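1. Sequence plus the predicted model coming up.
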Amino acid sequence: MHAIQVEDLTKVYANDTLALEKVNLTINAGDFFALLGANGAGKTTMIGIITGIVMKTKGKVHIFQYDIDRNFAEARKMIGVVPQEFNFNIFEKAQDILITQAGYFGIDRSEAIKRSEVVLKQLGLWEKRNEVSRNLSGGMKRRLMISRALVHNPKLLILDEPTAGVDVELRHGMWDYLRKLNEQGVTILLTTHYLEEVEQMCRYAAIIKNGQIIKHDKVSSLVQLLEMEAYEFTVKDMHGLDKIKKYHPSVRDANVFEVELHRNNELNDFICQVHKVGMEIIDIRPKGYRLEKLFLNIMRE
Ligand SMILES: Nc1ncnc2c1ncn2[C@@H]1O[C@H](COP(=O)(O)OP(=O)(O)O)[C@@H](O)[C@H]1O
Ligand SMILES: [Mg+2]
C-alpha cells in the first residue's frame, strides 16, 4: 500500500516559476521518508499540493487509495501537516486550537476534547492547555503544531522543515517522538536540509533539486554512495579488464576506464588487482563523487 503516490506532478506558479517538473514519487505506507533539498528546490510546493493548499498545474496525486482530484476530503483526513511557519491564532488557547482543528475534520466536540487531551499529554503540553499560544516558548509552539497535526489521528504525518531553528534538546525529543509514532504505524514524510538527521532517522530519502527528483533510494545506500569515490584509470591497454569485472569498471576511452571505490581501503587492493591481471597503469585520477558534490550544493543553500 502506498501512502503517497505522485505521478508526473508539475507546478508552474502564476509568475511562471517552474517549481516542480514532472515529479514521480512513491512513498510506502509505514515509511519514514525524507525529502531533501536546498531552499527553493520545491519541497514546500510539493507538500502544499499534497495537502490541498497549492493547486497543481499537472499530474496526479493519490493519498493512500484516494485521488486528491476526486476525493479530496477523504485524502485530506489521512494527513496531519506541520507547516514550516507557525500559523495558529496567537490569541487562542492551546487546547482550543486543537479542538477547532478537530472540528475541521468533522470530529464532534466531546470526542475532540478527549483527543486533544491525549495528544497534549503526549507532547508534554497538558499543563499549558489554557495558555494562549503566543505565550508559549518556541519549542512549545513547535510541539503544539505537532499535536494539532495529530488531533484527528492521521495515518500520514507531514512535517515541513520541522527542526529549522529548533534547539538540540527539543530536536532529539522530537526525533524520539516521531520514531515512536512511526513504530505505531504512522507514515512520516519530512523535509529538511540537514543530512545528519536524515541519516539518523529516515529509511528512505529523495533529493529534490530545481523541482526534479534527482535521487531516490534507501538512506543506507545513499550514505554508502557518499563514501565511494570515482577514479579514472589510464592504462597501456585494456586486455585484462574482464578479469576485474567485479569492480564494475566503465570504459571511458580506448585506454581509460572509471571505477567507484570505497574511499579509504579499496584503492590499494584495486591497484594490486590491476597489476595482477597484467595491465600497466599510466595514470590514476580521483574524480570526486558526483553525489557528494550534489549534497554539497544542496547544503550550500
Ligand atoms: N506562491 C509562489 N509564487 C511564486 N513562486 C513561488 C511561490 N511559492 C514558491 N515559489 C517558488 O517556487 C520554487 C520552489 O519553492 P518552495 O516549494 O518553497 O521550495 P522549498 O520549500 O524547497 O524551499 C522557488 O523558486 C520559489 O521561489
Ligand atoms: Mg520550504
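-> Sure, I can see it. Numbering: from 1, shown residues only. Ligands and ions are numbered 1, 2, ... in the order given.
2. Look at residue 301 and report its pLDDT.
-> We have a pLDDT of 44 for residue 301.
3. Residue 291 too?
-> Confidence for residue 291, expressed as pLDDT, is 56.
4. before we move on, what about residue 298?
-> 57.
5. Measure how buried the residue of the chain found nearest ligand 2 is and give me the count.
-> Nearest residue of the chain to ligand 2, counting by C-beta to the ion: residue 44, 3.2 Å away. Placement of C-beta: from N, CA and C, glycine included. Neighbours of residue 44 under the rule other C-beta atoms under 10 Å: 21.
6. Do I have it right that it meets residue 158?
-> No: the pair residue 44 / residue 158 is not scored as a contact, 10.7 Å apart, by C-beta atoms under 8 Å.
7. interface residues of the stretch 1-150 of the chain facing ligand 1?
-> Counting by C-beta under 6 Å from any ligand atom, the positions of the stretch 1-150 of the chain adjacent to ligand 1 are 13, 15, 17, 19, 37, 39-45.
8. which of those count as buried?
-> Among these, the ones that count as buried by 16 or more other C-beta atoms under 10 Å are 19, 37, 41-45.
9. coming back round to it: among the residues of the stretch 1-150 of the chain next to ligand 1, name the ones in helices.
-> For those, the ones inside helices are 43-45, with DSSP state H as the criterion.
10. that's a strand at residue 152, yeah?
-> No: going by DSSP: H, G, I helix; E, B strand; the rest coil, the assignment for residue 152 is coil, not a strand.
11. That one reaches residue 79, doesn't it?
-> No: with contact defined as C-beta under 8 Å, residue 152 does not count as touching residue 79 (9.2 Å).
12. And the ones in helices among the residues of the stretch 1-150 of the chain next to ligand 1, which is closest to residue 218?
-> Using C-beta to C-beta, residue 43 is the member of these that lies nearest residue 218, at 19.8 Å.
13. Would you confirm that that closest one contacts residue 159?
-> No: contact criterion C-beta under 8 Å: residue 43 and residue 159 do not qualify, at 10.9 Å.
14. hey, what's in contact with both of those two?
-> Residues touching both residue 43 and residue 159 (C-beta atoms under 8 Å, 6 or more residues apart in numbering) are residue 191.
15. does the residue nearest the centre of the chain have beta-bridge partners, and which?
-> With distances taken as C-alpha atoms, centre = their mean, residue 34 lies nearest the centre of the chain, 1.6 Å away. Assessed by DSSP bridges, residue 34 has beta-bridge partners residue 190, residue 205.
16. thinking again about what came up before, in a markdown table: the buried ones among the residues of the stretch 1-150 of the chain next to ligand 1, plus pLDDT and distance to residue 252.
-> Converted to a markdown table, these look like this (pLDDT from 0 to 100; distance: C-beta to C-beta, whole Å):
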| residue | pLDDT | distance to residue 252 |
| --- | --- | --- |
| 19 | 98 | 36 |
| 37 | 84 | 30 |
| 41 | 91 | 31 |
| 42 | 95 | 33 |
| 43 | 94 | 35 |
| 44 | 95 | 40 |
| 45 | 97 | 38 |
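17. got the residues you listed as TSV, with distance to residue 184 columns?
-> Listed next are these as TSV, based on distance: C-beta to C-beta, whole Å:
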residue	distance to residue 184
19	33
37	28
41	30
42	30
43	25
44	27
45	29
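18. Closest to residue 130 out of these?
-> Within these, proximity to residue 130 (C-beta to C-beta) peaks at residue 44, which comes in at 32.3 Å.
19. how about that closest one, what does it touch?
-> 84, 160, 191.
20. Outline the domain layout of this structure.
-> Domain assignment for the chain, taken from automatic domain parsing, gives 2-78+155-224, 93-153, 229-299.
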